[in-house]
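Trainee: next input, structure requested:
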Amino acid sequence: MTTEPHWDHFDDTRGAGVVGVGATLASAFGEAGRAITALVTDLADVTPREDIEIKVRGRSREELLSGWMDAVIREMDSRQMLFADFEVFVGDGEVVARVQGERLDPDRHHPAVLPRRILGPAKLERAEEDTWIARGVVEVERPH
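Mentor: Model (predicted):
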C-alpha cells in the first residue's frame, strides 16, 4: 500500500512544528514545504502563478532536509511569496525543486505567522518501506 502524501503541524515549545510525509524522499520534502506555507495561510488560497527553482546541497539526507526547509523559508521571505506546488528531486547530495506560488497579499492571504528559519537540524525517518517522514521546527513571528 502506497503512502498518500500529506503534511501536518505539531506543537513545540521552540516554534511551529512541520511534518511532511510521502512514499518517496522527494514527496516528503515537498510536503514539508507545503506545511511551511500552511503555517502562513490556507493552501487553497495560494494560486500557482509563478515558478522558481530551488537548489540545495548537503552531505547527508538530514542536512539536505534542513537546507531545503531553510531555502523554502528564505525564498518565501526574500520574494514575499507563498508556495503551493512543489516538484522535488532528491539526488546524491542535492535537492533540486521547481516550486510554484504567488506573491503574498496580506488582504487575501491573512498571514497567521511569518516563518523566519529552521530551528536546529530537521529530522528524517523511514517509517516503513514506502513511508518517509520529514520533520522540523520553524521559528515564526506574528505579522505586524
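Trainee: now do the buried residues in the helix or strand hosting Val99.
Mentor: Val99 is part of strand 94-103 when elements are defined by DSSP states H and E. Going by neighbour count (16 or more other C-beta atoms under 10 Å), the buried part of strand 94-103 is 95, 97, 99-102. Every C-beta, even on glycine, is put in place using the N, C-alpha and C of the backbone.
Trainee: same thing with stretch 131-139?
Mentor: Along stretch 131-139, these residues count as buried under the neighbour rule (16+ other C-beta under 10 Å): 131-138.
Trainee: got the contact list for that stretch?
Mentor: With contact meaning C-beta atoms under 8 Å, 6 or more residues apart in numbering, stretch 131-139 is reached by 3, 10, 12, 14-25, 27-29, 31-32, 36, 39, 65-66, 69, 73, 115-120, 122-127.
Trainee: dump the residue contacts of the residue nearest the centre of the chain.
Mentor: In the chain, the residue lying closest to the centroid (C-alpha atoms, centre = their mean) is Gly33, at 1.6 Å. Gly33 makes contact with 20, 68-69, 72, 83, 86, 88, 97, 99 under the criterion C-beta under 8 Å, 6+ apart.
Trainee: from the residues you listed, which land in helices?
Mentor: 68-69, 72 (DSSP state H).
Trainee: residues in contact with stretch 94-107?
Mentor: By C-beta under 8 Å, 6+ apart, the list of residues contacting stretch 94-107 reads 29-30, 33, 37, 40, 46-58, 64, 67-68, 72, 75-76, 79-89, 111, 143.
Trainee: mind checking which of these land in strands?
Mentor: Mapping those onto strands (DSSP state E) picks out 50-57, 81-89.
Trainee: show me the shaky parts of the chain.
Mentor: When residues are selected by pLDDT under 70, those of the chain lie in 1.
Trainee: and Asp11, bridged to which residues?
Mentor: Ala16 (DSSP bridges).
Trainee: how close does the closest residue to Thr2 other than its chain neighbours sit to Val95?
Mentor: Closest residue to Thr2 apart from its sequence neighbours, by C-beta to C-beta, 6 or more residues apart in numbering: Ala23 at 5.0 Å. Going from Ala23 to Val95 by C-beta to C-beta, to the nearest Å gives 17 Å.
Trainee: appreciated, that's everything.
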